[in-house]
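Undergrad: fold the following.
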Amino acid sequence: MGSLKSLAQGFIVAAGLIWLFNVFALFRSGDAWLALLYLLILFIPVSSLTYLKLKNTNPKAAQGTSEKRRNLLFSFQGVALAFWMFDIATTFYAINITGLAVELNPLGWPLGILGAFAYYAPTLVFSYILLFKMKENIALYAAIPLTLLTLFMGARNLMAGAQNFQVFVDTTALATGVQYGLLALIITVNLAVPLALKRMVTQPKVVLS
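TA: Alright, predicted model coming up:
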């Protein structure tokens, strides 16, 4: 479970940073309304995760230095996966929704996804084996260049996703009525989700005798 948690943490942090980049890109383009909507959407998971973290009363077991390093290295696999998913989502918009872009991969779209998957899938498995199945220090050291290479590949996906997102920035437009409707919906969800979590956390557990 520790490895899965590290992977998820890396993915969530990277996804949050990407979302902030999207907000900045929208503000910079002059679309303050859509940037505000994006920012309010980000508050939903942030407020939920913060509330759950504050309410978590289970003490965490202290981790050794080696275990911390292994978890940190594996979390970067989640970072790279978030960059890849950002590239896939924005490519889908640029090609399938707007039709303003083409896939440069010789496999075409969407088969071009398989090219990255052929790298990320075995790398993720191999990193897991090195970091959590082999306890020798040499395995930990071997995982470092593999992680750096994965981050390099992820950075390329991030750059491609940023270029594709610019297509979204240049083409998106919302009617005034739709903007106000989405704003009201997102604010409602921002208020409802923490309340729902509070009810779920504070709900008394039934003890069976």
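Undergrad: hey, where'd the helices end up in this protein?
TA: 2-29, 32-55, 65-92, 113-128, 137-171, 176-202 (DSSP state H).
Undergrad: which positions within stretch 182-194 qualify as buried?
TA: Neighbour counts over stretch 182-194 (16 or more other CB atoms under 10 Å) mark 182, 186, 190, 193-194 as buried. In this view, the C-beta of every residue, glycine as well, is placed from N, C-alpha and C.
Undergrad: just those residues: which has the poorest pLDDT?
TA: The lowest pLDDT within these belongs to Pro194, with 76.
Undergrad: what is the mean pLDDT for stretch 131-144?
TA: Averaging pLDDT along stretch 131-144 yields 87.
Undergrad: and it, C-alpha only, in CSV?
TA: Presented in CSV, the C-alpha positions along stretch 131-144 are these (Å, rounded to 0.1, in the frame of the first residue of the first chain):
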residue,chain,number,x,y,z
LEU,A,131,12.5,0.0,-5.0
PHE,A,132,10.2,-2.4,-3.1
LYS,A,133,11.1,-6.0,-3.9
MET,A,134,14.9,-5.7,-3.8
LYS,A,135,16.1,-4.3,-0.5
GLU,A,136,19.8,-3.9,-1.5
ASN,A,137,21.2,-0.4,-1.8
ILE,A,138,22.4,-1.2,-5.3
ALA,A,139,18.8,-1.5,-6.4
LEU,A,140,18.0,1.9,-4.9
TYR,A,141,20.9,3.5,-6.8
ALA,A,142,19.8,1.7,-10.0
ALA,A,143,16.4,3.2,-9.7
ILE,A,144,17.8,6.8,-9.7
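Undergrad: got the angle for the lowest-mean-pLDDT helix or strand in the chain vs helix 32-55?
TA: Least confident helix or strand of the chain, by mean pLDDT, DSSP states H and E, is helix 176-202 with a mean of 81. On the basis of axes from the mean of the first three to the mean of the last three CA atoms, to 10 degrees, helix 176-202 is oriented at 0 degrees to helix 32-55.
Undergrad: helix 176-202 - contacts with which helices or strands?
TA: With contacts defined as 3 or more CB pairs under 8 Å, 6 or more residues apart in numbering; DSSP states H and E, helix 176-202 has these neighbours: helix 32-55.
Undergrad: if we can go back for a sec, out of the buried residues of stretch 182-194, who's nearest Lys133?
TA: Proximity of those to Lys133 (CB to CB) peaks at Val193, which lies at 37.4 Å.
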